[in-house]
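Peer 1: Fold the following, please.
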Amino acid sequence: MTVSIEVVADPSPCLALRMEVFVHEQGVPVEDELDTLDDHAVHILARDGSTPIGTARVVIQGDTAKIGRVCIVKSARGTGLGKELMQFALDLVTGKSDVKRAKLGAQTYAIGFYEGLGFAPFGPIYDDGGIPHRDMVKELK
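Peer 2: Residues are numbered from 1 along each chain as shown. Model (predicted):
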């Protein structure tokens, strides 16, 4: 596998991956998956050669970078790509003078994965798109 990760101007391959993973595989309603944040998000795409295999988006909200819509296609899970994708997103926002923390809403089964990246859970478990989630935060400064 020859993986590259980059910020992309055209989010259409990212949206297609999210449809595949969240809507078709996990059963999230389309209307829950698409929102107005995509219009001003930074979209990150991982490719194996020219094939899209993972994505995430970053939205800056005040002093917080909200990392979301993180997904990896089934065939690339368990390869370390999720960690690489998250590290890329964190590197994008770490050191920006106005960003003090990164936040995300983790599917509860993935809390341990995000804890391994330095995120701490807070608040109650909640439903998002029919899937239990919990908010997590990582201080960047």
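
Peer 1: SS state for the residue most central in space within the chain?
Peer 2: For the chain, the residue nearest the mean C-alpha position is Val70 (2.5 Å; Cα atoms, centre = their mean). Here Val70 is strand, with the state taken from DSSP: H, G, I helix; E, B strand; the rest coil.

Peer 1: how far out from the middle of the chain is stretch 90-110?
Peer 2: 9 Å (Cα atoms, centre = their mean, to the nearest Å).

Peer 1: can you start the count at 50 instead of 1 from here on
Peer 2: I'll keep to 50 as the first residue from here, and by that count the last item is stretch 139-159.

Peer 1: So what touches it?
Peer 2: For stretch 139-159, the surrounding residues in contact (Cβ atoms under 8 Å, 6 or more residues apart in numbering) are 56, 91, 93, 107, 109, 112-117, 119, 138, 162-163, 166, 168, 170, 174, 177, 180-190. The C-beta positions use only the backbone N, C-alpha and C, and glycine is treated the same way.

Peer 1: Output it in PDB with nothing but the alpha carbons.
Peer 2: Written as PDB, here are the backbone C-alpha positions of stretch 139-159 (Å, rounded to 0.1, in the frame of the first residue of the first chain):
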ATOM      1  CA  LEU A 139      -3.700  17.400  14.400                       C
ATOM      2  CA  ASP A 140      -0.500  18.600  12.700                       C
ATOM      3  CA  LEU A 141      -2.700  21.000  10.600                       C
ATOM      4  CA  VAL A 142      -4.000  22.800  13.700                       C
ATOM      5  CA  THR A 143      -1.200  22.400  16.200                       C
ATOM      6  CA  GLY A 144       0.800  25.600  16.500                       C
ATOM      7  CA  LYS A 145      -1.900  27.900  15.100                       C
ATOM      8  CA  SER A 146      -1.900  30.700  17.500                       C
ATOM      9  CA  ASP A 147      -5.700  30.900  17.800                       C
ATOM     10  CA  VAL A 148      -6.300  27.100  18.200                       C
ATOM     11  CA  LYS A 149      -5.900  25.800  21.800                       C
ATOM     12  CA  ARG A 150      -7.700  22.400  21.600                       C
ATOM     13  CA  ALA A 151      -8.900  19.700  19.300                       C
ATOM     14  CA  LYS A 152     -12.400  18.200  19.800                       C
ATOM     15  CA  LEU A 153     -14.200  15.300  18.300                       C
ATOM     16  CA  GLY A 154     -17.300  13.200  18.700                       C
ATOM     17  CA  ALA A 155     -16.100   9.600  18.900                       C
ATOM     18  CA  GLN A 156     -18.300   6.600  18.200                       C
ATOM     19  CA  THR A 157     -18.100   4.900  21.600                       C
ATOM     20  CA  TYR A 158     -16.300   1.800  20.300                       C
ATOM     21  CA  ALA A 159     -13.500   4.000  19.100                       C
END
